[in-house]
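Undergrad: curious how this folds, go ahead:
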Amino acid sequence: MAWTDVLAVNAGILAITMLALWAYCVRIRDVSVIDSFWPFGMVILAGSSFAMTGGARGAQSVVLFGLTAIWGLRLAIHLFNRWRAHGEDPRYVAILGRLMDKRGWSFAKASFIQVFLMQYVLLFVVCLPAQIGSVMDVDQELSLIGMIGVGIAVIGILFETIGDAQLKAFRENPAMAGKVLDTGLWRYTRHPNYFGDACTWWGIWIIAARSPLGLASIIGPIVLTFLLMRVSGVPMLEHRLKKNRPGYADYLRRTSSFFPWPPKKR
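TA: Model prediction:
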């Protein structure tokens, strides 16, 4: 099956899935569940690509699907449980509220254009390495560079998993209420979960980059890293924490924003 056909089928599967989720979110008037669908949608795309390779499956396609599934399912469950526990995300409330108040859009229109349409495009682009790497007409056995990519992706998955577990334990400890988490991985980077995300997808891209088209899928990890560092990740979260969390400004001064690094002296 041609790679263009695989991408076309995947685009259709993702569109149908997201439309169904959008209809559900309009009914409950809460789009926050889209966060947990983001990683799960990538598992769907990687799984669809893997299924369409037929008898040509090799170690590379197996590893790409396996890494994406491990990363995506773990993160999707984590974010879904967080949504169930804490409810609607105030970021989406603010974004959709502005569109509804200033432009007169309905909740359905605002959520479709500002959230689901945008997330559809970004999700598909970020997942390109896992999609293309599974179906390229190349030797599907893992190369040494591919093994390095596996190692980087595994480090990313572990980094994010440990960081999320440390944050969850911190939030559930009543004694830590109103304080700043600056121990564990959070001592070395303000966002170990975001760093783990980026690390995972750069590793997946390295595995896929065995052909010109695989190399071109670098747009995926570039877009993800840019979003995390400059748009919806670090800036948006830190803007809110600086206003609401005493001591966070000092934490900002001494702790690396993204890449793990020993903290500066006070």
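Undergrad: for the protein, which element, helix or strand, carries the lowest mean pLDDT?
TA: Lowest by mean pLDDT, DSSP states H and E among the helices and strands of the chain is helix 234-244, with a mean of 70.
Undergrad: got phi/psi on T189?
TA: Phi and psi for T189, reported as degrees, to the nearest 10, are phi -150, psi 140.
Undergrad: G178 too?
TA: The phi/psi pair for G178 (degrees, to the nearest 10) reads phi 80, psi 0.
Undergrad: can you name every helix or strand that the strand or helix carrying I132 contacts?
TA: Assessed by DSSP states H and E, I132 sits inside helix 128-135. On a contact count with 3 or more C-beta pairs under 8 Å, 6 or more residues apart in numbering; DSSP states H and E, helix 128-135 meets helix 3-28, helix 34-51, helix 59-86, helix 192-208, helix 212-216, helix 219-226. Any C-beta I mention is one placed from the backbone N, CA and C, and that applies to glycine too.
Undergrad: quick check: angle from it to helix 3-28?
TA: 140 degrees (axes from the mean of the first three to the mean of the last three C-alpha atoms, to 10 degrees).
Undergrad: contacts only, for the nearest residue to I155 once chain neighbours are set aside.
TA: Closest residue in space to I155, ignoring its immediate chain neighbours: C199 at 5.9 Å, by C-beta to C-beta, 6 or more residues apart in numbering. Contact analysis of C199 by C-beta atoms under 8 Å, 6 or more residues apart in numbering lists I152, A153, I155, G156, F159, E160.
Undergrad: and which of the residues you listed is nearest G41?
TA: Distances from G41 to those, taken as C-beta to C-beta, are shortest for E160 (17.2 Å).
Undergrad: the closest one contacts A198, doesn't it?
TA: No - assessed by C-beta atoms under 8 Å, E160 is found out of contact with A198, at 9.5 Å.
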